[in-house]
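Peer 1: next input, structure requested:
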Amino acid sequence: MNHTVYNRQFGFICLSMLFFSTSFNMLIPELPKYLSSLGGAEYKGLIISLFTLTAGISRPFSGKLSDLIGRVPVIIIGAIVCILCGVLYPLLSSVTAFLCLRLLHGFSTGFTPTGASAMVADIIPETHRGEAIGIQGLAYTLGFAIGPAIGSSIKLVYSYDVLFYISALFAFLSMIVTINLKESLATTQKFTLNTLKITKNDIISLDALPSAIVMFLSYMPLGVILTLIPDWTSHLGFQNKGVFFIFYTVASISIRFIAGKASDRYGRIPIIYIGLIMVIVSLLCIGYYQMDYGIYIGATLYGFAMGILSPAINAWTVDLSPKEERGKGIATMFIALEAGIGIGAFTSGWYYSNQIQHFPQILYSSSAIVFLAVLYLRYRHKRHRNIK
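Peer 2: Numbers count the residues shown, from 1 in each chain. The predicted structure is shown next:
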């Protein structure tokens, strides 16, 4: 088979991820206010943390299913969950029902990205792995940006119900695109109830643990951003609460392709170091410059940082994982991602308590946590060098 990064299969994966990412991200900037309108303002921290909780719980299942029944079914399951939740949000309008739906909605990101990442690893040769993952992540990140911008615009012109239904529509488009994908797993099994049985060996890939640790520490600030940036942008006078994500995405998109190729050429670890340092600088910038340009500069730097980090950590995970357990390795990485985002969202929401003056302190603490990832990488590098 003649491998190429830019083929029809890869293009469909990216398009599916764009629609999927747009579907759930378009809700993020408006959900805090929506929850407040239901009488649940004190539960803002749960909007993201509940979502990531079930995403993390579902990863061992999606990783195992991806390695057994195939990548395509796993991708489709996540899209179906998004469709279902988009339809149910307008129908269930109590705080309890909303929080339960956030739990259910989290299963979508527990499945779709796992299957898509495993498929990219299958069809792309190792020499272009970082580049390809960077491009796939670019599509996902584009949804991360245009989603909130579209969502806020829809809410300004129409209503929450219209926003939820359009979210379901984007998930439906993702599913339609995925149906046209050719399964990349060489040998698949039929689904049975026994397939869902999870042992302790199915939960965590020890091979992928180093990349998972770095992912966990570096993604905790994202939970803070997703939970509190809408309030912070409103505090600074922005009408469209998706403005941060626009600057973030433009920066992330502009660097991902270059960063992915750089990790293929110079190695994953040096590129990850650069990304971690940029995350720290961006968080300090957002917290210190409490004016509109603080958002512009901080969001841009944070976009560069995550555009550098994401493809490098993803590719490193695939490098570390045995071929027959790629799904489990990728799932392990995503478990760490969801745990980092969820814990970051929950703890920041708890400390924040609708007190805007707490926001800079939360960012400074988050930067210190990312610095722990830098220290871990240095320790691991020194330890491996001594072993050799």
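Peer 1: give me the below-cutoff pLDDT ranges for the protein.
Peer 2: By pLDDT under 70, the low-scoring segments of the chain are 1-6, 237-242, 384-388.
Peer 1: try it again at 50.
Peer 2: Within the chain, the stretches with pLDDT under 50 are 1-3, 388.
Peer 1: now the helices for it?
Peer 2: Using DSSP state H, the helices found in the chain span residues 8-25, 31-37, 44-68, 71-88, 95-123, 129-157, 160-179, 200-203, 209-235, 243-266, 268-288, 292-320, 326-352, 359-387.
Peer 1: reformat those as JSON lines; add distance to residue 189 and mean neighbour count.
Peer 2: Every residue, glycine included, has its C-beta placed from N, CA and C. JSON lines is the format used below for these (distance: least, Cβ to Cβ, whole Å; neighbours: other Cβ atoms under 10 Å):
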{"stretch": "helix 8-25", "distance to residue 189": "22", "mean neighbour count": "23"}
{"stretch": "helix 31-37", "distance to residue 189": "38", "mean neighbour count": "18"}
{"stretch": "helix 44-68", "distance to residue 189": "5", "mean neighbour count": "24"}
{"stretch": "helix 71-88", "distance to residue 189": "11", "mean neighbour count": "23"}
{"stretch": "helix 95-123", "distance to residue 189": "15", "mean neighbour count": "23"}
{"stretch": "helix 129-157", "distance to residue 189": "26", "mean neighbour count": "23"}
{"stretch": "helix 160-179", "distance to residue 189": "20", "mean neighbour count": "20"}
{"stretch": "helix 200-203", "distance to residue 189": "15", "mean neighbour count": "13"}
{"stretch": "helix 209-235", "distance to residue 189": "26", "mean neighbour count": "24"}
{"stretch": "helix 243-266", "distance to residue 189": "32", "mean neighbour count": "22"}
{"stretch": "helix 268-288", "distance to residue 189": "32", "mean neighbour count": "21"}
{"stretch": "helix 292-320", "distance to residue 189": "22", "mean neighbour count": "24"}
{"stretch": "helix 326-352", "distance to residue 189": "13", "mean neighbour count": "25"}
{"stretch": "helix 359-387", "distance to residue 189": "36", "mean neighbour count": "15"}
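Peer 1: of these, which is nearest residue 187?
Peer 2: Among those, the nearest to residue 187 by Cβ to Cβ is helix 44-68 (9.3 Å).
Peer 1: now the angle from the closest one to helix 209-235?
Peer 2: 150 degrees (axes from the mean of the first three to the mean of the last three Cα atoms, to 10 degrees).
Peer 1: helix 44-68 packs against which elements?
Peer 2: Here helix 44-68 touches helix 31-37, helix 71-88, helix 95-123, helix 200-203, helix 209-235, helix 326-352, going by 3 or more Cβ pairs under 8 Å, 6 or more residues apart in numbering; DSSP states H and E.
Peer 1: got these as JSON lines, with distance to residue 254 columns?
Peer 2: Output for the helices and strands packed on helix 44-68, formatted as JSON lines (distance: least, Cβ to Cβ, whole Å):
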{"stretch": "helix 31-37", "distance to residue 254": "28"}
{"stretch": "helix 71-88", "distance to residue 254": "27"}
{"stretch": "helix 95-123", "distance to residue 254": "21"}
{"stretch": "helix 200-203", "distance to residue 254": "37"}
{"stretch": "helix 209-235", "distance to residue 254": "19"}
{"stretch": "helix 326-352", "distance to residue 254": "22"}
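Peer 1: for residue 192, find the nearest of these.
Peer 2: helix 71-88 (13.2 Å).
Peer 1: that older thread, indicate which one of the helices of the chain is closest to residue 186.
Peer 2: Ranking the helices of the chain by proximity to residue 186 (Cβ to Cβ) places helix 95-123 first, at 8.3 Å.
Peer 1: pull the distance from the closest one to the chain's centre.
Peer 2: 10 Å (Cα atoms, centre = their mean, to the nearest Å).
Peer 1: likewise for stretch 263-282?
Peer 2: 18 Å.
Peer 1: right, and residue 68 touches residue 196 too?
Peer 2: No. Residue 68 is beyond contact range of residue 196, at 10.2 Å (criterion: Cβ atoms under 8 Å).
Peer 1: who wins for proximity to residue 177 among the helices and strands packed on helix 44-68?
Peer 2: Of the helices and strands packed on helix 44-68, nearest to residue 177 by Cβ to Cβ is helix 71-88, at 9.1 Å.
Peer 1: can you give the distance from the closest one to the centre of its chain?
Peer 2: Using Cα atoms, centre = their mean, the offset of helix 71-88 from its chain centre is 16 Å.
Peer 1: packing partners of that helix?
Peer 2: Using 3+ Cβ pairs under 8 Å, 6+ apart: helix 71-88 touches helix 8-25, helix 44-68, helix 95-123, helix 160-179.
Peer 1: and it, C-alpha only, in PDB?
Peer 2: Extracted C-alpha coordinates of helix 71-88, given in PDB (Å, rounded to 0.1, in the frame of the first residue of the first chain):
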ATOM      1  CA  ARG A  71     -11.900   2.100  14.700                       C
ATOM      2  CA  VAL A  72     -15.000   3.100  12.700                       C
ATOM      3  CA  PRO A  73     -17.700   1.700  15.100                       C
ATOM      4  CA  VAL A  74     -16.000   3.400  18.000                       C
ATOM      5  CA  ILE A  75     -15.900   6.800  16.200                       C
ATOM      6  CA  ILE A  76     -19.600   6.400  15.300                       C
ATOM      7  CA  ILE A  77     -20.600   5.600  18.900                       C
ATOM      8  CA  GLY A  78     -19.300   9.000  20.000                       C
ATOM      9  CA  ALA A  79     -21.200  10.900  17.300                       C
ATOM     10  CA  ILE A  80     -24.400   9.100  18.200                       C
ATOM     11  CA  VAL A  81     -24.100  10.200  21.900                       C
ATOM     12  CA  CYS A  82     -23.600  13.800  20.800                       C
ATOM     13  CA  ILE A  83     -26.700  13.700  18.600                       C
ATOM     14  CA  LEU A  84     -28.800  12.200  21.500                       C
ATOM     15  CA  CYS A  85     -27.600  14.800  24.000                       C
ATOM     16  CA  GLY A  86     -28.200  17.700  21.600                       C
ATOM     17  CA  VAL A  87     -31.800  16.600  21.200                       C
ATOM     18  CA  LEU A  88     -32.300  16.000  24.900                       C
END
